[in-house]
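> Give me a model of this one.
(3 chains)
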Amino acid sequence: MQVKLLSARFDIPDAHKIEVAKEHGAYATLDKVFAMQPEEVIELVKASGLRGRGGAGFPTGLKWSFLPKNIDKPVYLAVNSDESEPATFKDRYILVRDPHMLIEGIIICCYAIKSQAAYIYIRGEYTTQVKALQAAIDEAYAAGYLGESIAGRDYKLDVTVHRGAGAYVCGEETALLESIEGRKGQPRSKPPFPAVEGLYGCPTIINNVQSIASLPFILANGPDAYKAYGTEKSPGTHLFGISGLVKKPGMYELPLGLPILEVIDKVAGGLRDGRTLKGVIPGGSSTPVLTPEEAQTVTLDYESMAAHKTMFGSGGIVVLDDTVDMVKLVENLIYFYHHESCGQCTPCREGLGWMLKIVKKIIRGEGTTADIDLLTELCDNIEMKTVCVLSAACTMSTRSYLNKFRHEFEAYVSGGASSQTAM
Amino acid sequence: MADKVKLFVNGQEVEVESGKNLIDAIGAVGIEIPHLCYHPALGADGNCRMCLVGIEDGRPPLVPACKTRAAEGMKVQLDTDKIKKIQRDIMELELINHPIDCPICDQAGECKLQDYYMKYDGQKSRMTVKPVLKAKKMDFGCGVVHDQERCVLCARCVRFTRLITKTGELGIVNRTDYARVNIFPGRPLANRYALNVVDLCPVGAMTSADFRFKQRSWFLTKSKGICRGCSKGCNIFIDHNREKYKDDVIYRFRPRLNEKVNGYFMCDAGRMTYKQENDNRLTVALLDGKETGLNEAVEALRRAVSQAKKIVCVISPNNSLEQMFAIQKFAANCNAAVSGYSDGYVIAGDGDDFLIQDDKSANRASFALLGIDASKAGFDAAVNGADLLICFQNDLSLSLTADALNALAGNCKLAYLGSNMDACAEKAAIALPVASATEDAGTLVNVDSILQQYAVAVVKNTPAFDMIHVVSQLGGEIKNCFEARAGLTAAVAALKGIDLEQVPGEGLALTVSEVPNVAA
Amino acid sequence: MSDRSQLIETGKPFAFDAQRDAEFERLAKRYPTRESLILPSLWLVQEQEGWISAEAMAYIADRIGTFATMVYEAATFYTMYNLQPKGKYHICVCRTLSCYLLGKQEIVDYLQRELGIKPGAVSADGQYSLEEVECLGHCGSAPVVQINGEFYEYMTVDKLKELLATLK
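Numbers count the residues shown, from 1 in each chain, chains lettered A, B, ... in the order given. From the prediction side, this is the model:
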């Protein structure tokens, strides 16, 4: 099931070093790229069907084509390496094991969008990863792939690493821009969209690390080679992160479109012995949970997830077995989103804390059925009333547990839930 | 005139100004869209979410009105169940961590949370868990007291210090429901407009140390006025109240919107000038410092006028245009010299590029209209050999050294008509009380040649006569403000064609060329 | 999240050392606005001192030419900035989702007992500080602990015991 498009160099010793990476094909696409017109590169990426791998799945080439034509302002690329949605841990493999694939992708993208400055926004928690990335960038500068003249051509590109410092919301693209500009990571109202008015008020493209890192393969092998993997609407491969209560958790590169349960069984080693499946979080903590019954028919692609009223998200799959107390899991999730609310919009700022206190009250055994109903209603009252979707990330997921596992909440209300499950 | 667009609000067609956001555009035709964070002077922030409105057939169907421009044919929904529920839900969320301490909150009665609760919420609290606790009674400097728990994090105050004063003393620190407004340690509010954050705050989070706990807002009469703290002439509300068995007292000045003069704001110093109206008043006539009956004192001054060989009338740059005119006429009748000498009212270099002016008087521009000389040379020539000096509200102690003033008072008889017991009043042989600025009506011309008027706001239990009346008692021909205005339009070229009884609320801009072009 | 707005004043002026000064000036060339230097500068302070005092924030603000509240906002918003001194070994335990499912609580409980401190506190001898943090992005090797920036994956109480023995 596993394939190696993006992860081709992951297992090669020292592939993070430029000479080793180059021996195995790094930067080989640049001659081809610079022989093309920027618009041709955009068309080629559009043709590949590559969709943004940060979570929203927006077609990458299409995003680039939203840049205004004939502008007299600089264009910026911001690479989103915030990767902070719980259960997501794919981009860091690229940063550590094959950072030159990312840098090559950045050169391709910047050439296509006519940008001379890229900022890689990396989450502050990635301490060792930022060192690896910076070392690779320093190598690329020394080797002439970055800086005043890229690979001897009349083309300038600076890549700057900008470290976050512990704020999930900075994965939201406009919060990320605010953070680069030195402010709190508080998302901006849209419109204007970043492609028109982004970083420093200039047109800006924001792409996820994996999206950018997919470009060298697409440029080297053509869009059809990329589309040979995956489904029609979800072409290509993805670095799936499988975690939770399975035997072999980890990061696996797979084509899109595989059945989720088969992947859990065959790739991630299946459930621990003696356990039964209780639920699957399909694409990061914010995506609505699937019951085992629902999971039967789910495949790992955007359209199947949408058909099952959940989301592909970041491809971070979390497996929940029968030991999991769904009420406490919800507490853990709401705690996270409350902790990470930027504090800007009233519903999210005030509402998530209220939700957390209500769920804690339920767990303490002091809740009533009215509290469960209130929690459910608050999900509706908060959702989609805010500038960004952080609150929706919390409410969509919470609502799925309330709807699909309401009996567990009710058990707390009538007392004695903690004896029913192991955790 | 701005372009108009037609759009629909709740199905009703309305014509509004194009290019404005929905709150302002629809608000201008009398339809309220509730909002906390938006303020016309500070722009749209979009954080409160209270102004979410539906747009029928719109993409997206739900938008913040503060960030949405009025457009032709737009179908705005404010009264659908969905929008009403959103407004109720946002209010509920605003209030869960709010202390709801209205009984001890100065903002009560003029609080957006109260108003909106009554209008858009009205539900019982469902908050059964502990609220977030934050700091209270924080001294932010400049007389601003902050209560973090009452705050709705609309960031108006923060934006004011960053966008308007560009001093940036305030910030919102932390995130999630721990977010709160604070100053940086050791760097409190330090700008001359800081108290505007009290007015800007839609709730009771920012209060004025000066006003706190003095009055409930609903007892205050809110009269219109013009600040006389400097020559800008900021439009103000004079908030005053006559408590039972007490006198009419002013509790605060607040800025009143005038786009042509001061916008939404005023300076702190101007705001505090209300104290001069309450305190240290000259309430009785004085003869050689001894309290005396008003008629007796007026009679004494009339006698002095008739006996004097050379009289000088010293006009104040704070006198109204009408007062100046009446005094001028009076002076002409008794062959008195006129001087507007008042250099002490000017603090060179004190002004800024926003509202504050060097000239701390309100009506110096009228000197030019009426040809009143304010030079020191002119003053010196006038007082040379004079035996009666009548100061009309002009506190010469500001412009002369104590020695010079004493010498002057020794050489001639010093009379004073004024509302405050200032240094000049103390030295005067005859001091007559007159109504103060807020107790009188009149016309002022500000530093930008904008003519503005004010009406009587405060009526004391024992009202003092207005200046023109007292001047007429001394023998002046102008009997009242009305006569002065009629005379002014006839006599002053720059005022030709202007009906001083019909001056619009936002004032009248006198063209620059007219002002100096005045017959004396 | 807790209230992070209470800053500590050292009573002593702060300045970058030569190395950080050079790095600051290098970065200044990379951004079109000075305010973009706020986050990098806070990191430089933390590298240099281990934590960020009120004086250091004021220094950054004045050096950049921005309001102190801009720096104050950023420092309190981003939770990785230490606003008080940490232990010689700063131990962060991931508390979110996959680490939660795989027993982060046992690890936290053990550390609390062993170090005698609650999350958020520093041991009396200044050796250790403990913190529960949100997702560290190592869900596939949960539970994960980060000590002075180094990741320790697939953590168990037994492995932690061995690890602690090496941290002296």
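
> interface residues of chain C facing chain B?
By the rule CB under 8 Å from any CB of the partner chain, the part of chain C lying against chain B is C:1-5, C:7, C:9, C:54, C:57-58, C:61, C:66-73, C:76-77. The way it works is simple: take the backbone N, C-alpha and C, and place the C-beta from them, glycine included.

> what ranges do the strands span in chain C?
Secondary structure of chain C (DSSP state E): strands at C:89-94, C:128-133, C:145-147, C:150-152.

> Give me the contact status of the last one with chain A.
Right, the one you point to is strand C:150-152. Yes: using CB under 8 Å from any CB, strand C:150-152 reaches chain A at C:150-151.

> What lies in contact with that strand?
Contacts to strand C:150-152, defined as CB atoms under 8 Å, 6 or more residues apart in numbering or on different chains, come from residues A:127-128, C:136, C:138, C:144-146, C:159-160, C:163.

> try 7 Å this time
A:128, C:138, C:144-145, C:163 (CB atoms under 7 Å, 6 or more residues apart in numbering or on different chains).

> Next: the third one.
With CB under 7 Å, 6+ apart as the contact definition, strand C:145-147 has outside contacts at C:89-93, C:107, C:136, C:152, C:155, C:160.

> Any idea how far that strand is from the middle of the chain?
With CA atoms, centre = their mean, to the nearest Å as the basis, strand C:145-147 stands 11 Å off its chain's centre.

> repeat for the first one
Computed by CA atoms, centre = their mean, the chain-centroid distance of strand C:89-94 equals 9 Å.

> follow-up on the earlier one: out of the contacts of strand C:150-152, which are buried?
Among these, those buried by neighbour count (16 or more other CB atoms under 10 Å in any protein chain shown) are C:138, C:144-145.

> Show me what the helix or strand encompassing B:Leu369 packs onto, helices and strands only.
Secondary structure from DSSP states H and E places B:Leu369 in helix B:365-370. Here helix B:365-370 touches helix B:321-333, strand B:442-445, going by 3 or more CB pairs under 7 Å, 6 or more residues apart in numbering or on different chains; DSSP states H and E.

> Serialize the ones you listed to JSON lines and add fields for mean neighbour count, mean pLDDT and distance to A:Gly222.
Shown next, in JSON lines, are those (neighbours: other CB atoms under 10 Å in any protein chain shown; pLDDT from 0 to 100; distance: least, CB to CB, whole Å):
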{"stretch": "helix B:321-333", "mean neighbour count": "24", "mean pLDDT": "97", "distance to A:Gly222": "84"}
{"stretch": "strand B:442-445", "mean neighbour count": "26", "mean pLDDT": "97", "distance to A:Gly222": "78"}
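
> Nearest to B:Asp45, out of the ones you listed?
B:Asp45 lies closest to strand B:442-445 among the helices and strands packed on helix B:365-370, at 35.8 Å (CB to CB).

> rewinding a little: same for chain A: which of the residues of chain C next to chain B are within range?
C:1, C:73, C:77 (CB under 7 Å from any CB of the partner chain).

> where's stretch A:235-249 relative to the chain centroid, distance-wise?
Stretch A:235-249 sits 13 Å away from the centroid of its parent chain (CA atoms, centre = their mean).

> Correction: the previous question concerned stretch B:75-93.
When C-alpha coordinates are averaged (CA atoms, centre = their mean), stretch B:75-93 and its chain have centres 36 Å apart.

> Which residues does that stretch contact?
Taking CB under 7 Å, 6+ apart as the rule, stretch B:75-93 contacts A:346-347, A:350-351, A:381, A:385, B:7-10, B:22, B:26, B:33-34, B:49-50, B:52-57, B:116-117, B:120-121, B:123.

> what do you get if the cut-off is 6 Å, keeping everything else the same?
Contact partners of stretch B:75-93, identified using CB atoms under 6 Å, 6 or more residues apart in numbering or on different chains, comprise A:346-347, A:350-351, A:381, B:8-10, B:49-50, B:52-54, B:56, B:116-117, B:120-121.

> cool, stretch C:83-93 as well?
Contacts with stretch C:83-93, where a contact means CB under 6 Å, 6+ apart, come from C:4, C:8, C:51-52, C:104, C:107-108, C:122-123, C:126-133, C:145-148, C:167.

> Please parse chain C into its domains.
Following automatic domain parsing, one finds the domains of chain C at C:18-77, C:89-166.

> And the helices in chain C, which stretches?
C:18-28, C:38-49, C:54-64, C:68-77, C:97-101, C:104-115, C:157-166 (DSSP state H).

> Would you agree B:Ala285 is in contact with B:Glu291?
No: with contacts counted by CB atoms under 6 Å, B:Ala285 stays clear of B:Glu291, the gap being 7.3 Å.

> residues from the stretch 101-250 of chain A in reach of chain B?
Taking CB under 6 Å from any CB of the partner chain as the contact definition, the stretch 101-250 of chain A meets chain B at A:Ser189.

> in the stretch 101-250 of chain A, what residue is nearest chain B?
Per CB to the nearest CB, A:Ser189 is where the stretch 101-250 of chain A lies closest to chain B, at 4.7 Å.

> Next, the nearest residue to that residue once chain neighbours are set aside: secondary structure please.
The shortest distance from A:Ser189 to any non-neighbouring residue, by CB to CB, 6 or more residues apart in numbering or on different chains, is to B:Gly46 (4.7 Å). Under DSSP: H, G, I helix; E, B strand; the rest coil, the three-state class of B:Gly46 is coil.
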